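A.B. asks: sequence-free structure coming up:
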């Protein structure tokens, strides 16, 4: 098991299971958004609130990745920088969702480079409707994203992702095309 979302149920509920499965990455959200002038203080407060979860991650040899998301504390390049400036735990990092960065016209390669060794999970996910969210299906050229991942020597998985419901056969075909697209980069 490499990674899974703990948006529903919370990390506490799954920490032991993740450890017994050999460790991995649990992905969750951050906190409510704030004004730019409050960012450092709010980020420090948020990271402090995660200390019990970080202790669980240490106990169960796993990692906690906070996903950037629209209308959230971790939602911009500045918020990524604030997170990285404050975070000192090797068990806490970022789950980067380019989809949300594209909605604010932020540079995905720059975000990857900002995250550097604190990037624990990467969604290959673009801001388009339906199956076009997937790599190689939608119009985004992900070559600069993959180059940025190589530049930081990212060793984790690149996860093709989308929201929505697609028929099984259509989804399987699109995922195969996405896999081939990413392998070709």
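C.D. replies: Perfect, I can see it now. Since the structure is predicted, the reported quantities are computational estimates derived from the model, not experimental observations.
A.B. asks: Tell me how many other residues crowd residue 34.
C.D. replies: 18 (other Cβ atoms under 10 Å). (Glycine included, C-beta is placed from N, CA and C.)
A.B. asks: Look up how far residue 134 lies from it.
C.D. replies: Here the criterion is Cβ to Cβ, to the nearest Å. By it, residue 34 lies 32 Å from residue 134.
A.B. asks: Over to residue 43?
C.D. replies: Distance from residue 43 to residue 134, by Cβ to Cβ: 31 Å.
A.B. asks: What of residue 38?
C.D. replies: 36 Å.
A.B. asks: So which of the two has more stuff around it?
C.D. replies: More crowded of residue 38 and residue 134, by other Cβ under 10 Å: residue 134, with 25 against 12.
A.B. asks: In contact with the residue nearest to the more buried one when sequence neighbours are not counted, which residues?
C.D. replies: Nearest non-adjacent residue to residue 134, counting by Cβ to Cβ, 6 or more residues apart in numbering: residue 178, 4.5 Å away. Remark: with contacts taken as Cβ atoms under 8 Å, 6 or more residues apart in numbering, residue 178 is in contact with 124, 134, 135, 136, 137, 160.
A.B. asks: make it 7 Å
C.D. replies: For residue 178, the contact set (Cβ atoms under 7 Å, 6 or more residues apart in numbering) comprises 134, 135, 136, 137, 160.
A.B. asks: what about this structure, any weak spots by pLDDT?
C.D. replies: 1 (pLDDT under 70).
A.B. asks: What segments of it are helices?
C.D. replies: With helices called from DSSP state H, the chain shows them at 11-20, 39-49, 51-59, 77-86, 98-103, 108-115, 143-151, 168-184.
A.B. asks: what's the closest of those helices to residue 92?
C.D. replies: helix 51-59 (5.5 Å; Cβ to Cβ).
A.B. asks: The closest one: which residues count as buried?
C.D. replies: Buried residues in helix 51-59, counting neighbours by 16 or more other Cβ atoms under 10 Å, are found at 53, 54, 56, 57.
A.B. asks: Likewise for stretch 131-149?
C.D. replies: Quick answer for stretch 131-149 (16+ other Cβ under 10 Å): 131, 133-138, 140, 142, 145-146, 148-149.
A.B. asks: burial of the nearest residue to residue 118 once chain neighbours are set aside, as a residue count?
C.D. replies: Nearest non-adjacent residue to residue 118, counting by Cβ to Cβ, 6+ apart: residue 93, 4.2 Å away. Look at residue 93: counted by other Cβ under 10 Å, it has 23 neighbours.
A.B. asks: Before I go, just wanted to say thanks for your time.
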